[in-house]
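[1] Pasting a predicted model and its sequence here:
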Amino acid sequence: LSVAKSVYPFKECTSLTNVELSVDFEGFDTSAFDGCTSLERISPSVMDKVITITGYAFRGCEKLKVDLSFPNCTTVGNAAFARSGIKSVSLPKLAELNTTGGAIFSGCKNLESFVWNFPDYHAEIPSTCFEGCSSLARIEIKTPVSVISGSAFKDIAPGAEIFLPVEAPETIGAHPKSAK
């Protein structure tokens with residue numbers, strides 16, 4: 001299956017329930033599974049060769065209640081996992097988030113924890129990044145950020161714990177354009 005070579009390959013394919021990818025699979029292109037509301041399983045759950053997950057790749061995959069791992073993924077696009085059912089996602093080498101629109105994990109009601117561990121300094125946690133993640137009880141930010149944009153953590157779990165590094169952000173709560 002070569003999803004990376006085609007824009008919108010399975011967009012709004014509401015009857016799709018299972019996707020099996022080859023071990024050589026390298027990436028998800030724009031809206032790969034956007035709106036696949038019946039998608040419950042994607043395997044393998046650890047995808048070593050995926051480097052990029054572009055915008056809207058899993059948006060709206062509400063039944064996808066899985067733990068995913070992308071050990072070598074360096075880039076995640078706008079709303080890539082928004083309103084999906086994911087419980088956890090591991091992105092240990094993540095170096096770039098699309099901060100233009102944010103909303104990367106917005107509305108992921110099953111997302112319970114997230115470790116923010118960029119290999120180097122990252123400028124911003126984008127606007128609405130985790131908004132509406134009502135089960136999100138623990139966020140660990142291991143590397144310094146300069147801006148936590150407005151509504152980044154709006155409507156996460158009551159009593160959620162957010163752990164920041166010693167170097168506190170310069171701006172908290174501003175939208176990127178107004179932060180300057």
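    Thanks, I have it. Numbers count the residues shown, from 1 in each chain.

[2] quick one: stretch 66-84 to chain centroid distance?
    Centroid displacement of stretch 66-84 relative to its chain, using C-alpha atoms, centre = their mean, to the nearest Å, is 4 Å.

[3] and it, average pLDDT?
    Mean per-residue pLDDT for stretch 66-84: 90.

[4] For it, buried residues please.
    For stretch 66-84, burial by neighbour count (16 or more other C-beta atoms under 10 Å) applies to 66, 68-70, 73-84. Glycine gets a C-beta too; all of them are placed from N, C-alpha and C.

[5] got the CA coordinates for it in PDB?
    Provided in PDB are the C-alpha atoms of stretch 66-84 (Å, rounded to 0.1, in the frame of the first residue of the first chain):
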ATOM      1  CA  VAL A  66      -4.900   2.400  19.400                       C
ATOM      2  CA  ASP A  67      -1.400   3.200  20.600                       C
ATOM      3  CA  LEU A  68       0.800   4.300  17.700                       C
ATOM      4  CA  SER A  69       4.500   4.600  17.500                       C
ATOM      5  CA  PHE A  70       6.500   6.500  14.900                       C
ATOM      6  CA  PRO A  71      10.100   6.200  16.200                       C
ATOM      7  CA  ASN A  72      11.700   8.100  13.200                       C
ATOM      8  CA  CYS A  73       9.000  10.600  12.300                       C
ATOM      9  CA  THR A  74      10.300  14.100  12.300                       C
ATOM     10  CA  THR A  75       7.400  16.100  11.000                       C
ATOM     11  CA  VAL A  76       3.700  16.200  11.800                       C
ATOM     12  CA  GLY A  77       1.200  18.400   9.900                       C
ATOM     13  CA  ASN A  78      -1.800  20.500  10.800                       C
ATOM     14  CA  ALA A  79      -4.700  18.500  12.400                       C
ATOM     15  CA  ALA A  80      -2.900  15.200  11.600                       C
ATOM     16  CA  PHE A  81      -4.600  13.400  14.500                       C
ATOM     17  CA  ALA A  82      -7.500  15.800  15.200                       C
ATOM     18  CA  ARG A  83     -10.700  14.100  16.400                       C
ATOM     19  CA  SER A  84      -9.200  10.600  16.100                       C
END
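
[6] hang on, the earlier thing: filter the buried residues of stretch 66-84 down to just the ones in helices.
    Here DSSP state H is the test, and those give no hits in helices at all.

[7] State the pair within those that is farthest apart.
    The two members of these with the most space between them (C-beta to C-beta) are T74 and R83, at 23.7 Å.

[8] any chance you could map the strands in this protein?
    Ranges of strands in the chain, per DSSP state E, are 18-20, 27-28, 41-43, 52-53, 67-69, 75-76, 88-90, 96-97, 113-116, 122-125, 138-141, 145-148, 161-163, 171-172.

[9] Run me through the strand neighbours of the last one, direction for each.
    Strands flanking strand 171-172 in the sheet, each with its direction: strand 145-148 (parallel) (DSSP bridges).
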